[in-house]
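>>> Sequence and predicted structure are below.
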Amino acid sequence: MKLGVCYYPEHWPQDMWHSDAARMADIGIKQVRIGEFAWSRIEPSPGIYDWQWLDKAIETLHAHGLEIVLGTPTATPPKWLVDTDPEMLAIDEQGRPRQFGSRRHYCFSSLSYRDQCARIVTAMAQRYGDHPAIAAWQTDNEYGCHDTIISYSNAARAGFKAWLAQKYGEVTVLNAAWGNVFWSMEYQNFDEIDPPVETVTEANPAHRQDWARFSSDQVIAFDKVQTDILRALSPGRDVLHNYMGMFTAFDHFKLGKQLDIAAWDSYPLGFLEWAWWDNVTKERFLRQGHPDFTAFHHDLYRGVGKGRWQVIEQQPGPVNWGAWNPAPLDGMVRAWTWEAFAHGAETVSYFRWRQAPFAQEQMHAGLMRPDNIEAQGAIEARIVAGEMAVVADAKTAQAPVALIFDYEAIWAIQIQPQGRDYRPLEIILAFYSAARRLGLDIDIVDPSHDLAGYKIVLCPLQIFMSPDLSESIKASGAVCVLGPRSGSKTDDFQIPVGLPPGHGRDLIDLVISRVESLRPAHVEMAGVYAVTRWLEHIQSPLASRAQTSSGHGIWYQNESCDYIACWPDAQILQDILKERCQQLDMTVINLPDGLRLRRRGEVTFAINYENVPVNLCDYIEGARLMNFYIGSPSLPGAGVAAWSNRDHT
Ligand code: GAL
């Protein structure tokens, strides 16, 4: 476990660098990320490199014992590059080039831009690849930030045709897979096929799904150019990329396979403001963030990183990009930091060292104020650094619960929601929260993950249910909970022969004969459960466990599988999980809204997301007698406790 910070030496006079590095070390920081936006300073004009300042910055940090994550600067191609190769710009839906003057203006498919990236990355890796201070490389910065995955450039158009030809071989195969006979959309050859944009009404969903897959693959191919160079020229160093929260426009599991560490950028208050929660929830957790949202991403990126992950940008104070940007509750920066460690982070690194007094992010807090006085974030980072000495470091063990997360399924729902408020992340989080409320640890995994050893497998959004997946669930011996719409499409975006849940029928004997989406105000009760948004009509020899007043079953069950035939409320998810945990002899703890637990090695952590105190004794038997490393049974708002779980949960 270590602390880090993001630093931009090029923003500050060189005579500040030594004292900056000394103060970082003094706070307890060990890792510093630099370089990721510095192209215009590294290569001020074509082919003319200025290494002097970067050499000095690296030496200065190194002299203070700080290890460096060096970012490749490819998220910010400089003006001269754009002017010499305007074709590298991404093209929006209306066919307009995205303009210079902020960042991320490039097109992932541009081959000439990939060459430029290869050139700058090679130059950097040749210069610093063996430097003892360089511990890792970060490729680019936040692929897709500011809505930049999709581009309709000529390069993307050509790339898409080639990608389709590669996938389908014959255009007749594509026509059949997409169902192009519908509306006379058949093609004679791959060359005729354009991206699904500016059609009169919606484009064919199969066309859009393949476009989403293609666009995701472009990100991975773009990254691979850099990763291959870094592996060759900087052996022994980790390569990572910093992912975002609430972002699903490319398949992170696929990219994660070619990298060593998944890093992600955690801004709990910004995400709370962005997401779907009602005003009451937003007000309640205004200064803390949602109790499950940050943890959800920690677990997701631990999966993406195959166990190795870090938070490389941690919100240290108010940010600048929400509709409103409150300050964290005092203690919350510390709590977020500990929560990331509890979920297995190797490093928690704050964004950024000092608040910049200029340009776009001048309203974004840093650990230091612009006048170089420590801000609240630094005070709390220092506290964590002190506490880290007393908490044993260990790897996270495999959790008892796996949640399957499928990026392709998210695209499918976005392409064909069928009800306006069928929000993919919301339903996934509902399953996740239900398990967390019971104090369970969760691994988030991709559909091809080996499920051996899990007791419960959650499939909140398994639109594509391959025979391999149903087989792997069966082989694991786990109980599985299938959400609505499971197995409702084939890979080609068609309704499966024999109707949904397709291969889900290998797990439970039922057929979905009809589905309906419901307007927001419409609620039907099924006993104690409220049915909203989505209802499936089921045919099954199994008796349903709950029915609506009009007689529609919403919960079906056999010995190892539960199927939920509606948008689930929190109660039904709780009841299913509790019942299954009981059958499986798994301990559950009924936690209140804002209190969450997580185990790492020998240590259990509790984080209080409320702004009022909670007492662990009210929820955990014997809490008073536990052996605490941090805190005590009584947690203040934003409080943290950590204890040995040798004798206790
Ligand atoms: C991230 C980004 C950083 C900075 C930060 C502000 O999305 O990677 O460069 O912009 O947000 O919160």
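Great, that's in hand. Because the structure is a prediction, the values reported are computed rather than measured.
>>> Can you tell me the closest non-neighbouring residue to the residue of the stretch 151-300 of the chain found nearest the ligand?
When distances are taken as Cβ to the nearest ligand atom, the stretch 151-300 of the chain approaches the ligand most closely through Asp265, which lies 4.9 Å from it. Where C-beta positions appear, they are placed from N, C-alpha and C, glycine not excepted. Closest residue in space to Asp265, ignoring its immediate chain neighbours: Glu313 at 3.7 Å, by Cβ to Cβ, 6 or more residues apart in numbering.
>>> which residues touch the one you found?
Taking Cβ atoms under 8 Å, 6 or more residues apart in numbering as the criterion, Glu313 is in contact with Cys6, Asn242, Trp264, Asp265, Ser266, Tyr267, Ser349, Tyr350, Phe351, Arg352.
>>> Where does it sit: helix, strand or coil?
strand (DSSP: H, G, I helix; E, B strand; the rest coil).
>>> now do Ile444
Note that with three-state DSSP, the state of Ile444 is strand.
>>> now do Phe253
At Phe253, secondary structure determined by three-state DSSP is helix.
>>> Flag every residue of this protein that's near the ligand.
If contact is defined as Cβ under 6 Å from any ligand atom, the residues of the chain in contact with the ligand are Asn141, Glu142, Cys145, Asp265, Tyr267, Glu313, Val319, Trp321, Phe351, Glu361, His364.
>>> Settle this for me: the first one is touching Ala75, isn't it.
Yes - counting by Cβ atoms under 8 Å, a contact exists between Asn141 and Ala75, whose distance comes to 4.0 Å.
>>> Backbone dihedrals for the residue in the stretch 301-450 of the chain that the ligand sits nearest to, both of them.
Using Cβ to the nearest ligand atom, the single residue of the stretch 301-450 of the chain nearest to the ligand is Val319, 4.7 Å away. Note on Val319: backbone dihedrals following degrees, to the nearest 10 are phi -100, psi -170.
>>> now it: how far from Leu286?
The span separating Val319 from Leu286 equals 13 Å under the rule Cβ to Cβ, to the nearest Å.
>>> The two - which one has more neighbours?
With other Cβ atoms under 10 Å as the criterion, Val319 and Leu286 differ in neighbour count, and Val319 comes out ahead with 20 against 17.
>>> Tell me if I'm right that the more buried one and Pro326 touch.
No - taking contact to mean Cβ under 8 Å, the distance of 9.5 Å between Val319 and Pro326 leaves them out of contact.
>>> Mind listing the shared neighbours of the two?
Shared contacts of Val319 and Pro326 (Cβ under 8 Å, 6+ apart): Leu269.
>>> got any residues that touch both of Val319 and Leu286?
A shared contact of Val319 and Leu286, defined by Cβ under 8 Å, 6+ apart, is any residue touching both; here these are Leu269.
>>> low pLDDT regions in this protein?
Along the chain, the model assigns pLDDT under 70 to residues 647-649.
>>> does the closest residue in space to Phe293 that isn't next to it in sequence belong to a helix or a strand, and which?
If you skip the residues right next to it in sequence, Phe293 has Phe271 as its closest partner in space, 5.7 Å away by Cβ to Cβ, 6+ apart. Element membership for Phe271, per DSSP states H and E: helix 268-274.
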